[in-house]
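Asker: Below are the sequence and a predicted model; questions follow.
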Amino acid sequence: MPVIQTSLFSVIKRFPDCKDIVKRLFKESENFKAVCEDYRKCSEALHHWDRSDSEESSVRKSEYSALLQELEAEILQCLTEKI
């Protein structure tokens, strides 16, 4: 599955009630596509650090959790502006 579609599906999975708006923004906005891709990468990194038992995993989990929250807020802002 192409990365673009994976990014789209990651955001739809997180915001299922906004599926139609997410799809439309994804088609229309390069900026929104980039945020979706960042969200996917951040989610994957957080998942990696959640499974890791390295010494730095707790710091990395905290960093990626905060970043994921920021990206979710940015996505929500885009969605609410288009409703």
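Answerer: Looks like it came in fine. Remember, predicted model here, so these are calculated numbers, not experimental data. Numbering: from 1, shown residues only.
Asker: tell me the residue furthest from the middle of this protein?
Answerer: E55 (25.6 Å; CA atoms, centre = their mean).
Asker: May I have the secondary structure class of D53?
Answerer: Classification of D53 by DSSP: H, G, I helix; E, B strand; the rest coil places it in coil.
Asker: oh sorry, the question was meant for L8
Answerer: Quick answer, by three-state DSSP: L8 is helix.
Asker: For burial, what's the neighbour tally of it?
Answerer: By other CB atoms under 10 Å, 22 other residues sit near L8. Glycine gets a C-beta too; all of them are placed from N, C-alpha and C.
Asker: follow-up on the earlier one: could you check how far the residue farthest from the centre of the chain is from P16?
Answerer: Per CB to CB, to the nearest Å, E55 is found 37 Å from P16.
Asker: Check L8 too.
Answerer: 13 Å.
Asker: all helices of the protein, in order?
Answerer: 3-14, 19-28, 30-51, 57-82 (DSSP state H).
Asker: a markdown table for the ones you listed, including mean pLDDT?
Answerer: A markdown table is the format used below for these (pLDDT from 0 to 100):
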| stretch | mean pLDDT |
| --- | --- |
| helix 3-14 | 86 |
| helix 19-28 | 96 |
| helix 30-51 | 96 |
| helix 57-82 | 96 |
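Asker: R40 reaches T6, doesn't it?
Answerer: Yes - in this structure, R40 is within contact of T6 by CB atoms under 8 Å, at 5.9 Å.
Asker: wait, what's in contact with the most centrally placed residue in the chain?
Answerer: Nearest to the geometric centre of the chain sits Y39, at 2.2 Å (CA atoms, centre = their mean). By CB atoms under 8 Å, 6 or more residues apart in numbering, the contact set of Y39 is 7, 10-11, 14, 68, 71-72, 75.
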